[in-house]
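K.L.:
based on what follows, work out the 3D shape:
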Amino acid sequence: MKKLIFLVALTIIIVSCKKDSLISDNELKSTPNNMASVTEIDTINATGVFPMYRGQDANGGDVFYVITESNDVDKAIELGLNWSPKLIHAMGTVAVQTATVVTGGAKNPHDFPILKFAGNVDFSPVNKLVPGPDLFPLDPASEPGSVGDAAYSPLVTFDGKILYDAAHIANSTGVHDKVISMDKVNMTVKIQLTKGFYEGFSILYTSTETSDNDLAALEDNTFAPNMNAAPNPGDDKSFRSAREAIIPVINGPMGVDNPNRQGLRSAVAGEGDPLNIFQEQAGCQDASDPSAFCDAAAYSPFWDATPVMWTDSAIAAGMQTRVKTDKHEIIAPINIIELYADGFLLPGGMGVRNASLGGINVAGPAGGPGIIINCPIVFVPDDAR
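P.N.:
Residues are numbered from 1 along each chain as shown. This next block holds a predicted model:
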């Protein structure tokens with residue numbers, strides 16, 4: 001975990017928060033490994049039940065959404081969210097839409113205000129996943145099952161200070177492809193989660209938006225290109241970036257019954273989740289103490305896709321296996337950084353090089369904005385702290 005690496009950055013964040021009176025010196029601000037508001041987490045079938053919030057679109061129609069993160073530690077604790085202070089760096093970009101507060105109508109959980117959103121989602125398309133010649137990359141005919149409009153991003157503010165990750169999951173055009181069931185009386189929604197890895201541990205996360213058309217189709221996500229405006233591709237520094245790296249393996253071992261199965265090509269083949277590798281999680285012992293354990297200082301749900309591929313020589317040598325961590329861990333010695341340094345992995349993108357991953361390029365073309373996937377972490381085993 002990046003306790004020492006991000007100590008200085010966390011200090012800067014905490015000082016900034018104190019200036020805005022977001023953190024009290026006399027009160028412990030603790031956020032758990034797991035998203036506190038999510039109930040009935042099923043780690044076998046990868047599902048969870050979220051509080052559901054009601055808002056309005058620009059024309060006054062109903063919009064339903066979930067809230068998973070805030071940059072404000074008090075709001076994160078109050079609403080049972082992940083705390084992600086680095087999201088503040090997206091403020092002022094089109095990665096954040098501004099909502100207005102309206103009065104009247106049914107109440108939301110925690111008396112959260114009724115928001116009128118500038119951006120909206122079209123849930124009417126049918127997701128179309130067309131494998132490419134090598135399964136992934138996909139055929140250009142692939143289309144996501146939901147598309148955000150020119151103003152849509154899951155990040156929203158209504159006061160210009162506090163951000164919320166508020167993914168839209170239903171409106172008059174339909175429902176998000178990850179929604180299993182909705183209860184509009186009790187204001188809850190059951191969502192299909194996705195399995196992945198963090199420092200050798202199995203985790204669960206929700207994946208709702210992607211800034212790339214193909215990955216949105218593969219992930220059953222909303223295509224939301226405005227997210228790409230969040231800084232900075234290939235950069236996870238807490239004092240300037242709203243992103244953190246996620247590492248998809250493109251050509252991992254295949255076979256639905258293969259215990260080492262992993263990868264985007266495996267997912268396209270219908271064998272299961274791609275089992276992506278996450279660089280950070282959101283737990284924090286005491287947000288007012290920079291010396292305490294606090295991965296939340298580096299955590300962001302805006303994951304900067306940094307794909308890798310096994311080399312032909314590594315595959316021929318029998319090296320291809322399931323990788324569960326970006327860096328060396330006692331429980332998971334096989335890791336992305338060392339495999340890349342030793343020449344067994346190649347970058348799957350041509351974008352900016354990520355120094356925290358040994359120089360692996362982010363997804364997309366050279367000079368491009370990269371690809372962001374909105375993947376709030378829901379469940380992390382306690383042993384991962």
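
K.L.:
what ranges does the stretch 101-250 of the chain have for its strands?
P.N.:
114-116, 121-122, 146-148, 155-157, 164-171, 174-175, 179-183, 188-192, 194-198, 201-205, 209-210, 222-223, 244-247 (DSSP state E, counting those that start in this stretch).

K.L.:
tell me which of those sits most buried.
P.N.:
The highest mean neighbour count among the strands of the stretch 101-250 of the chain, using mean count of other C-beta atoms under 10 Å, belongs to strand 209-210: a mean of 29. All C-beta atoms are positioned from the backbone trio N, CA, C, and that covers glycine.

K.L.:
now for it, which elements pack on it?
P.N.:
With contacts defined as 3 or more C-beta pairs under 8 Å, 6 or more residues apart in numbering; DSSP states H and E, the secondary structure elements packing on strand 209-210 are helix 213-219, strand 222-223, strand 372-374.

K.L.:
that one pairs with which strands, and in what direction?
P.N.:
Each strand paired with strand 209-210, and its direction, by DSSP bridges: strand 222-223 (parallel), strand 372-374 (antiparallel).

K.L.:
out of the ones you listed, flag the one nearest Ala384.
P.N.:
Nearest of the strands paired with strand 209-210 to Ala384, taken as C-beta to C-beta: strand 372-374 at 20.5 Å.

K.L.:
do me a favour and average the pLDDT over the closest one.
P.N.:
With pLDDT averaged residue by residue, strand 372-374 scores 99.

K.L.:
tell me the mean pLDDT for the helix or strand that that strand is followed by?
P.N.:
Along the chain past strand 372-374, the next helix or strand (assigned with DSSP states H and E) turns out to be strand 377-379. The average of the pLDDT scores along strand 377-379 is 98.

K.L.:
so in that sheet, which strands flank strand 377-379, and in what orientation?
P.N.:
For strand 377-379, the pairing partners within the sheet under DSSP bridges are strand 201-205 (antiparallel).

K.L.:
what's next to the strand it pairs with, contact-wise?
P.N.:
Taking contacts as C-beta atoms under 8 Å, 6 or more residues apart in numbering, the residues outside strand 201-205 that touch it are 41, 43, 46, 48, 193-197, 278, 281, 324, 331, 375-381, 383-384.

K.L.:
which of those residues are buried?
P.N.:
Neighbour-count burial (16 or more other C-beta atoms under 10 Å) applied to the contacts of strand 201-205 gives 46, 48, 193-197, 278, 281, 324, 375-380, 384.

K.L.:
do you know how far Asp273 is from Arg243?
P.N.:
22 Å (C-beta to C-beta, to the nearest Å).

K.L.:
more neighbours, the two?
P.N.:
Neighbour tally, Asp273 and Arg243, criterion other C-beta atoms under 10 Å: the higher count belongs to Arg243, 30 against 18.

K.L.:
mind checking the strands paired with strand 209-210 for the one nearest to Ser288?
P.N.:
The closest approach between Ser288 and any of the strands paired with strand 209-210, judged by C-beta to C-beta, belongs to strand 372-374 at 27.9 Å.

K.L.:
who's in contact with that closest one?
P.N.:
The list of residues contacting strand 372-374 from outside it, by C-beta under 8 Å, 6+ apart, reads 154, 165, 167, 207-211, 215, 219, 221, 224, 227-228, 230, 243, 246, 301-305.

K.L.:
now do the helices in the protein.
P.N.:
Ranges of helices in the chain, per DSSP state H, are 7-19, 73-79, 213-219, 264-268, 312-316, 336-341.

K.L.:
flag every buried residue along the fifth one.
P.N.:
For helix 312-316, the buried set under the neighbour-count rule, 16+ other C-beta under 10 Å, comprises Ala314.

K.L.:
could you dump it to CSV, C-alpha only?
P.N.:
This file holds the C-alpha atoms of helix 312-316, laid out as CSV (Å, rounded to 0.1, in the frame of the first residue of the first chain):
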residue,chain,number,x,y,z
ASP,A,312,4.7,-14.3,-27.5
SER,A,313,7.9,-15.5,-25.9
ALA,A,314,6.4,-15.4,-22.4
ILE,A,315,3.4,-17.5,-23.7
ALA,A,316,5.8,-19.9,-25.4
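
K.L.:
which one of the helices and strands packed on strand 209-210 is the most hemmed in?
P.N.:
Stretch with highest mean neighbour count among the helices and strands packed on strand 209-210: strand 372-374 (a mean of 29; mean count of other C-beta under 10 Å).

K.L.:
now that strand, how far from the centre of its chain.
P.N.:
Taking the mean C-alpha point of strand 372-374 and that of its whole chain, the gap between them comes to 5 Å (C-alpha atoms, centre = their mean, to the nearest Å).

K.L.:
same question for stretch 264-284.
P.N.:
Using C-alpha atoms, centre = their mean, the distance from the centre of stretch 264-284 to the centre of the chain it belongs to is 11 Å.

K.L.:
average pLDDT for it, rounded please.
P.N.:
Averaged across stretch 264-284, pLDDT comes to 97.

K.L.:
next one: stretch 322-341
P.N.:
In this model, stretch 322-341 carries a mean pLDDT of 97.

K.L.:
mind checking the end-to-end distance for it?
P.N.:
Using C-alpha to C-alpha, to the nearest Å, the end-to-end distance of stretch 322-341 comes to 17 Å.

K.L.:
give me the buried positions along it.
P.N.:
Neighbour counts over stretch 322-341 (16+ other C-beta under 10 Å) mark 322-327, 329, 332, 334-337, 339-340 as buried.

K.L.:
over to stretch 118-130?
P.N.:
Buried positions in stretch 118-130, judged by neighbour count with 16+ other C-beta under 10 Å: 118-123, 125, 127, 129.

K.L.:
quote the end-to-end distance of that stretch.
P.N.:
With C-alpha to C-alpha applied, stretch 118-130 spans 32 Å between its terminal residues.

K.L.:
so what touches it?
P.N.:
For stretch 118-130, contacts defined as C-beta under 8 Å, 6+ apart pick out 57-58, 63, 97-99, 138-139, 141-153, 168, 170-171, 173-177, 217-218, 220, 222, 226, 268.

K.L.:
kindly recompute the last result at 7 Å.
P.N.:
Identification of contacts with stretch 118-130 by C-beta atoms under 7 Å, 6 or more residues apart in numbering yields 57-58, 63, 97-99, 138-139, 141-149, 151-153, 168, 170-171, 173-177, 217-218, 220, 222, 268.
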